[in-house]
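K.L.:
Starting from these lines, generate the structure:
(chains A, B, C and D)
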4 protein chains.
Amino acid sequence: MAGAQDEPSRALRSEIAWSTPDRIGVLGHDLTRDLMGRISLGDMAFLEVMRRLPDARESRMFNAVLITLVEHGIVPSTLAARLTYDGAPEAVQAAVAAGLLGLGSVFVGSTEQVARLLAEAFAQAQGEVSPRAIAQRIVEEHRAAGRRLPGFGHPIHKPVDPRTVRLLEIARETGFSGRYVELILLVQEIAGETSGRRLTLNATGAIGAICCELGVPWTACRGIGVMARAVGLVGHILEESRNPIGLEIWRRVEDEASQDIRGKLKEEPA
Amino acid sequence: MAGAQDEPSRALRSEIAWSTPDRIGVLGHDLTRDLMGRISLGDMAFLEVMRRLPDARESRMFNAVLITLVEHGIVPSTLAARLTYDGAPEAVQAAVAAGLLGLGSVFVGSTEQVARLLAEAFAQAQGEVSPRAIAQRIVEEHRAAGRRLPGFGHPIHKPVDPRTVRLLEIARETGFSGRYVELILLVQEIAGETSGRRLTLNATGAIGAICCELGVPWTACRGIGVMARAVGLVGHILEESRNPIGLEIWRRVEDEASQDIRGKLKEEPA
Amino acid sequence: MAGAQDEPSRALRSEIAWSTPDRIGVLGHDLTRDLMGRISLGDMAFLEVMRRLPDARESRMFNAVLITLVEHGIVPSTLAARLTYDGAPEAVQAAVAAGLLGLGSVFVGSTEQVARLLAEAFAQAQGEVSPRAIAQRIVEEHRAAGRRLPGFGHPIHKPVDPRTVRLLEIARETGFSGRYVELILLVQEIAGETSGRRLTLNATGAIGAICCELGVPWTACRGIGVMARAVGLVGHILEESRNPIGLEIWRRVEDEASQDIRGKLKEEPA
Amino acid sequence: MAGAQDEPSRALRSEIAWSTPDRIGVLGHDLTRDLMGRISLGDMAFLEVMRRLPDARESRMFNAVLITLVEHGIVPSTLAARLTYDGAPEAVQAAVAAGLLGLGSVFVGSTEQVARLLAEAFAQAQGEVSPRAIAQRIVEEHRAAGRRLPGFGHPIHKPVDPRTVRLLEIARETGFSGRYVELILLVQEIAGETSGRRLTLNATGAIGAICCELGVPWTACRGIGVMARAVGLVGHILEESRNPIGLEIWRRVEDEASQDIRGKLKEEPA
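P.N.:
As a prediction, the model looks like this:
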């Protein structure tokens, strides 16, 4: 970017942390005095996302959301982490990173899509319309555009996702079952009526609504999923180190995948 | 790996999680009934690493270790994450992954080195020798081999790392100030006497000893650091989205780095 | 995905490569007989993308595209790679990966956007309309939607990007200056007339058009950029190992970024 | 790193590239005039590693090395890339990065181990000893320490790795069959006599020796493998987009891996 020398230099600022020889400040808190020994990793995650510590209700709700996202057993991301570990066991950080890299639009992205949908729906409605009318509009817009509603459906957990039931229960207990939860449930009801079959509100749908209730911006939702999955990926990598499955998967897939072409070549080169 | 078809196929097994339509098991616990709404992310991390839930003392100690590792402000890994986010803001998972990738031998590795050193020292001693004699041997072996003792020294936190003070305090309060903590403190004392200057036991040194006290295998130590840093990286990426510094860093570094060579070429090509 | 056991198992197939004890087949070619010692890495890249070897004209054009993308000096992705290397010098693969992760929508993505725009424009037009009319429509649609035309503008290379000039010259020499190149130049002309100022067709714009000429699907364009940048990142990592700049960047940015908050804390905890 | 403010600021310098509005310099060459349309990606890779362009013999040898490393069909790294793509198809760069992350000590590392072994053997011998005596010492040292000789053995390509045969042939043709190749062949011979069975010199062993012949420092060897594999990974990701196998692998592995634990829980919580 030489040639842009004429632009004035902008100050570099971060408000997250500072260190002096005997003190460390993190988002306004003294790390050793206020945080270590006093709060859990989940509350520290809340602090990183919201720039303030949670109260007890927020802590319970936010940790429940995180716990839901930590572990999904053998899935593409845990397989990618294990296969990476098998090649570079000296670099555990790389195996975790490989596992995180697949947390894109297909699996984890729906949480942010739901949170965005709900947040923007209220922002556009500007308080004038009933929740049922907003839900109606959401369902109709998706139907007209031929787009899938995010946050619904699951290959295994049907007709009810048990994580959704539990998340909504904790939301009621902690006072986070407000208008966003109401709206996603209305969307479920109306979309179900329209399509003539009961829709499953999955865990990502419930979490998207609860993030809105907690005041988490939708842009932070994917990051919350990424934090949580980093924890679960470490568990898988440790299991891979004790009881490896990656090389056997490799052997089986390679055998099967190349069986139609093995030994076959095009013409001899000129 | 074709050609290895003759090898018998090995069963693929994972003991971490399972799902049925209405239930999810995680390391022997019912996710929705036993974990969600009941435990924090830090306890879930303990479960992933130790394959059992922590008791209250373990929870306090383990969460304190995690909290210590979450946030270090602007460091190479948070810069790498921010610069990556600037190019691919649609892929937050990739920015977190980029930040994790530098958690190698230089910064985070020393926790596992300390834990390994202490665990192997007792394993080799087989209970016959006094802790002081073991510490003496460790110091002498490192001195003779010209190797640095891991877990000592810090560019800012000197002569005392305030995190170490707090971690050892919590270890005493929770009953995790046992023989590994004793040993690392004896190493500090003896190495200080030998070199004639007080050594700083840094946070990674204290954490290495405390992980041994908690029964965490040294091979899991880097993973614990990786989990914790994933949480902090999300905070930095969110700040970068609100108040970006990456492009200004780019502009300044590029300007300065190329100033001696700008406009210079070798001879014309033949 | 348990519970989906009822789905029939699908065969796993890959047509890329096979091995027997004395032979390796890659996309129909004998690796040792037909490829090693005969073709360059750029031609191998063409083989991976197009599933056939290039002829001499295709080879010259495709290698020119690749060469254009290898090296951009100090940019966010090379900084991320260097900062990662400083923390994990034992894992060069992780430093390259960190550098690649920022090749998202902001920098490298515009090549695929241009290729997609041009490919879809002809697909929609179905041969009925003149190139000038298609260009007109593209410019109007972007204007109406308030969207930026991809492939135009550059912070340094203005009013003309010298790489574009050279790429279009090689395209003429090799016979790849066809209707896609014509269309992007018409878009440049019409958008310039409409806005009243000359637009810079940048290298990503030219490459997007040339990829269409070569028959490369737009979905493969980002991959071509990623391959090329992997080569350049290795050069930066080797330089960082000889003459490190990462730690000095860290020191400077940390000092400046935390200066407003250093020493400041919120209230004492309750 | 606040508190280190007293350290003098070091200049940031990179000698790789510069840009002005109408020119781009890469390692002393004018990008558009000297490189684009004139050299291949493999020669550009040589330029990045060696900081000069190759002559024709170097180009042929170096490209043959690169070509050997591009494609290995279905292996852990291509599986990790495919599984990552399935979750984040919008981020091809992340899928390539995931594939690269496993190129650690187990698979790709042996090239650098061989190059280091050979380079250090001559450095230590300081020209006084015969190659045979050096080879004898290498074999004995590894035997005594119970360490495996890097660069030997292969699960499929036995008793002879066809890539090794071809690489050594090209090395003879291009004049790069010098003392490093001689030494690795003597190691093969002597280790075979000592163990009583013919050893397979694999492709990584041959490449390690040839890199020494080319003057490539051993520290650059892993980077060369990483560049080459980035090219092959793109081919696999494109195939995954046309004919996906990742989700079927997931389904099969999940089904099998959880079958012993499905439905099992520990005791009810207190």
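K.L.:
The closest residue to chain B within the stretch 51-200 of chain A: what's its closest spatial neighbour, skipping adjacent residues?
P.N.:
The nearest approach of the stretch 51-200 of chain A to chain B comes at residue A:73, 3.3 Å away (CB to the nearest CB). Glycine gets a C-beta too; all of them are placed from N, C-alpha and C. For residue A:73, ignoring the flanking residues on the chain, the nearest one in space by CB to CB, 6 or more residues apart in numbering or on different chains is residue B:17 at 3.3 Å.
K.L.:
any idea how far that neighbour lies from residue B:27?
P.N.:
The gap separating residue B:17 from residue B:27 is 7 Å, by CB to CB, to the nearest Å.
K.L.:
If you count surrounding residues, which of those two has more?
P.N.:
residue B:17 (26 against 21; other CB atoms under 10 Å in any protein chain shown).
K.L.:
so the more buried one makes contact with residue B:26?
P.N.:
Yes - using CB atoms under 8 Å, residue B:17 is in contact with residue B:26, at 5.0 Å.
K.L.:
For the residue of the stretch 51-200 of chain A closest to chain B, list the residues it contacts.
P.N.:
B:14, B:16-19, D:254, D:257-258 (CB atoms under 8 Å, 6 or more residues apart in numbering or on different chains).
K.L.:
Could you do residue A:102 as well?
P.N.:
A:76-77, A:80, B:93, D:83-88, D:94-95, D:98.
K.L.:
Looking at these, which are in helices?
P.N.:
If you go by DSSP state H, the contacts of residue A:102 have A:76-77, A:80, B:93, D:83-87, D:94-95, D:98 in helices.
K.L.:
what residues does the strand or helix carrying residue A:204 touch?
P.N.:
According to DSSP states H and E, residue A:204 maps onto helix A:203-214. Contact partners of helix A:203-214, identified using CB under 8 Å, 6+ apart, comprise A:50, A:58, A:61-62, A:65, A:68-69, A:108, A:110-115, A:117-119, A:150-152, A:157, A:161, A:163-164, A:167-168, A:171, A:176-178, A:180-181, A:183-184, A:188, A:218, A:220-221, A:224.
K.L.:
Buried among these? Make that a PyMOL selection.
P.N.:
In PyMOL syntax, the buried subset of the contacts of helix A:203-214 is picked out as below (16 or more other CB atoms under 10 Å in any protein chain shown):
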select buried, chain A and resi 50+58+61+62+65+68+69+108+110+111+112+113+114+115+117+118+119+150+151+152+157+161+163+164+167+168+171+176+177+180+181+183+184+188+218+220+221+224
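K.L.:
Please go through the contacts of helix A:203-214 and note which also touch chain D.
P.N.:
residue A:108 (CB under 8 Å from any CB of the partner chain).
K.L.:
can you pull out the strands in chain A?
P.N.:
A:17-20, A:23-26, A:29-30 (DSSP state E).
K.L.:
need those strands in a markdown table with mean pLDDT, can you?
P.N.:
Shown next, in a markdown table, are the strands of chain A (pLDDT from 0 to 100):
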| stretch | mean pLDDT |
| --- | --- |
| strand A:17-20 | 96 |
| strand A:23-26 | 97 |
| strand A:29-30 | 98 |
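K.L.:
Need the ones you listed in a markdown table (columns: distance to residue D:128).
P.N.:
Formatted as a markdown table, those follow (distance: least, CB to CB, whole Å):
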| stretch | distance to residue D:128 |
| --- | --- |
| strand A:17-20 | 53 |
| strand A:23-26 | 56 |
| strand A:29-30 | 63 |
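K.L.:
Nearest to residue B:144 among these would be which one?
P.N.:
strand A:17-20 (34.5 Å; CB to CB).
K.L.:
and the closest one, what other elements does it pack with?
P.N.:
strand A:23-26 (3 or more CB pairs under 8 Å, 6 or more residues apart in numbering or on different chains; DSSP states H and E).
K.L.:
what's the strand it packs on packed up against?
P.N.:
Partner elements for strand A:23-26 (3+ CB pairs under 8 Å, 6+ apart): strand A:17-20, helix B:162-174.
K.L.:
please redo it, this time with the cut-off set to 7 Å
P.N.:
strand A:17-20 (3 or more CB pairs under 7 Å, 6 or more residues apart in numbering or on different chains; DSSP states H and E).
K.L.:
So in that sheet, which strands flank the strand it packs on, and in what orientation?
P.N.:
Applying DSSP bridges, strand A:17-20 is found paired with strand A:23-26 (antiparallel).
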